[in-house]
Every structure is written in C-alpha cells, then in structure tokens.
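Colleague: A structural model of the following input is requested.
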Amino acid sequence: MSYTPRILSRLGNGARPVHITMRAIVRQSRSNGTYQPPTPPPTKDNPHRNFWNSFGRPIAKVFLGAMVTYQLVYFTWLKLEAVEEKFDKDAEVKRLEAQLHGLTKDKDASKAQKK
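Modeller: Below is the predicted model:
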C-alpha cells in the first residue's frame, strides 16, 4: 500500500483514484507563482504618529540649528572674555611695573641724597 495521497479525478463518468506525490504538489506550487499573501487589516490613523511623521524632521532641524547657534555664540563669548581678561591683566602688570619703577627710582634718589 502506498502512503501517497489519493485524489479522485472528476473527469468522465467514473471516478478513479489518481496518485499525486508530494514532489508534484511542491513543483506545481512553485511554478504557479500566483500566490498573493493575505492583505493586512487596515490600520487606524494614529494622530501622534501622523504628527511626528509630518513635523519630526523639521523640528529636529530647528533644534539642531539652535544648538549649533548657541554653541557658536557661547564659544565666541568665551573667547572674547578671555581676550578681555588678558587685556586687563596686561594693563595691571604695566601699572604695577610702573609703580615698581617709580618706587625704585624714589629709593635710588633717596640713597643718592643721603650720601
């Protein structure tokens, strides 16, 4: 006895068993090529997803542009502040050098008068 499935033929008056092997079924299904997967059920519109699909990229661009602008302004401000502090320190050093020069000049003058 064979273990292959038997299908009754509907051709003609008499019904006789027809042997179909699994290989023939697989070959037929592969060559057919008209199989369409079932269509998925329609999804409901999600307003949250629709908003981010529409406006997500522009919002990200504006946010990143604002961050870049902020960083540029911040680093420019830091550089200007460093230049200002250096200018102030140089001015203070010059003032102190002038004061020291004046004190040493006065000290030399007082030594010269004592002699």
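
Colleague: The strand or helix carrying Thr104 - what's its average pLDDT?
Modeller: Take DSSP states H and E as the rule and Thr104 turns out to sit in helix 47-114. The average pLDDT within helix 47-114 is 93.

Colleague: Stretch 19-29 now?
Modeller: 70.

Colleague: Need the residue closest to the centroid of this structure.
Modeller: Ala60 (9.5 Å; CA atoms, centre = their mean).

Colleague: Could you check how far that residue is from Thr104?
Modeller: 65 Å (CB to CB, to the nearest Å). Using the backbone N, CA and C atoms, a C-beta is placed for each residue, glycine as well.

Colleague: Likewise for Trp52?
Modeller: Trp52 sits at a distance of 74 Å from Thr104 (criterion: CB to CB).

Colleague: One more: Ala24?
Modeller: Between Ala24 and Thr104 the distance is 115 Å, computed by CB to CB.

Colleague: Over to Glu81?
Modeller: Distance from Glu81 to Thr104, by CB to CB: 34 Å.

Colleague: Likewise for Pro58?
Modeller: For Pro58, the distance to Thr104 - CB to CB - is 69 Å.

Colleague: same deal with Tyr74?
Modeller: 45 Å.

Colleague: do Asn53 as well
Modeller: Applying CB to CB, the value for Asn53 to Thr104 is 78 Å.

Colleague: now Lys86
Modeller: When distance is defined by CB to CB, Lys86 is 26 Å away from Thr104.

Colleague: What of Leu72?
Modeller: As judged by CB to CB, Leu72 and Thr104 stand 48 Å apart.

Colleague: ok, now Val83?
Modeller: Taking CB to CB, one finds Val83 at 31 Å from Thr104.
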